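Peer 1: quick one, structure for this:
(2 chains)
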Protein chains: 2
Amino acid sequence: MNQSTPIINHYVALVKINDFDESLGFVEEIANNIIKDLELNVVEKISHLFSPKGVTLAFILSESHLIIHTWPELGYLHIDLVTCSYRSQEEFGKSLKSALVEQKIDHVKIISVKIGQ
Amino acid sequence: MNQSTPIINHYVALVKINDFDESLGFVEEIANNIIKDLELNVVEKISHLFSPKGVTLAFILSESHLIIHTWPELGYLHIDLVTCSYRSQEEFGKSLKSALVEQKIDHVKIISVKIGQ
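Peer 2: Numbering: from 1, shown residues only, chains lettered A, B, ... in the order given. Alright, predicted model coming up:
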């Protein structure tokens, strides 16, 4: 790694859930679980409830950002996590799995976004 | 495309700039240019100034999100744009180019993030 390049650790997850919970509280619970498990630090938080459905929850972290969008009508949850200090994809996957342990998961896809390395 | 899958249009850009402007105003100008050119709609906005350097500016959009992080000490700017309606990579690249027209650009890298298609 070039020391003059920032560390950009970027994961995106797309989750299909049956019996989708449309509430902001559900999304907050998932976010809080990921933040706690990955030892991330929140500096700013905003959320928005879309009409008729859909939630966006965004955190600026000391380590960059975490954003979750939902499409309840389709049963989808999208997570965008960028950190400027290393977290493994396995750690992220485990934190997501534990956050969703009580949900009826149809499938989960996680990808690592590579730019600048 | 499967009609039961949300449209997730995701671009990430990493820009290296010489004589980097550390201000929030600089980042806001870039963001506003992209938002205007791509006809995006802002519903929430937050920013954070890191110590000793670095700015994060985050927008929740009707179309999903736009987040910019800077590493002034390294001369880097990172842009994360997710939209649930289509914008081409060319359109995004053009809006970024016009936003940075007065900057001394070292290089620009843009990637398209594919998940769920």
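Peer 1: spit out the contact partners of the residue nearest to the spatial centre of chain A.
Peer 2: When CA atoms, centre = their mean is applied to chain A, the residue found nearest the centroid is residue A:79 (3.3 Å). By CB atoms under 8 Å, 6 or more residues apart in numbering or on different chains, the residues touching residue A:79 are A:11, A:12, A:13, A:14, A:15, A:30, A:34, A:66, A:67, A:68, A:96. (C-beta placed from N, C-alpha, C; glycine too.)
Peer 1: what residues does the host helix or strand of the fourth one touch?
Peer 2: When secondary structure is defined using DSSP states H and E, the element that contains residue A:14 is strand A:9-18. The contact list for strand A:9-18 (CB under 8 Å, 6+ apart) reads A:75-87, A:89, A:92, A:96, A:100, A:103-115, B:8, B:10, B:12, B:80, B:113, B:115-116.
Peer 1: same deal with stretch A:49-59?
Peer 2: Against stretch A:49-59 from outside (CB under 8 Å, 6+ apart): A:22-24, A:27-28, A:31, A:35, A:40, A:42, A:44-48, A:65-73, B:44, B:46, B:58, B:60, B:62, B:64-65, B:67.
Peer 1: just the buried ones from the residues you listed?
Peer 2: A:27, A:31, A:35, A:40, A:46-48, A:65-72, B:46, B:58, B:60, B:64-65, B:67 (16 or more other CB atoms under 10 Å in any protein chain shown).
Peer 1: below-threshold pLDDT in chain A: ranges please.
Peer 2: For chain A, the stretches with pLDDT under 70 are A:1-3, A:117.
Peer 1: what about 50?
Peer 2: A:1 (pLDDT under 50).
Peer 1: can you give me the strands for chain A?
Peer 2: Per DSSP state E, chain A carries strands over the ranges A:9-18, A:42-49, A:55-61, A:64-71, A:76-83, A:104-113.
Peer 1: in chain A, where's the longest helix?
Peer 2: helix A:24-37 (DSSP state H).
Peer 1: now residue A:111: how far from residue B:106?
Peer 2: Going from residue A:111 to residue B:106 by CB to CB, to the nearest Å gives 28 Å.
Peer 1: neighbour count winner among those two?
Peer 2: residue A:111 (15 against 11; other CB atoms under 10 Å in any protein chain shown).
Peer 1: quick one, what contacts that one?
Peer 2: Applying CB under 8 Å, 6+ apart, the residues contacting residue A:111 are A:11, A:12, A:13, B:113, B:114, B:115.
Peer 1: could you do residue A:112 as well?
Peer 2: Contacts of residue A:112 by CB under 8 Å, 6+ apart are A:10, A:11, A:89.
Peer 1: mind listing what residue A:100 touches?
Peer 2: Per CB under 8 Å, 6+ apart, neighbours of residue A:100: A:15, A:17, A:30, A:108.
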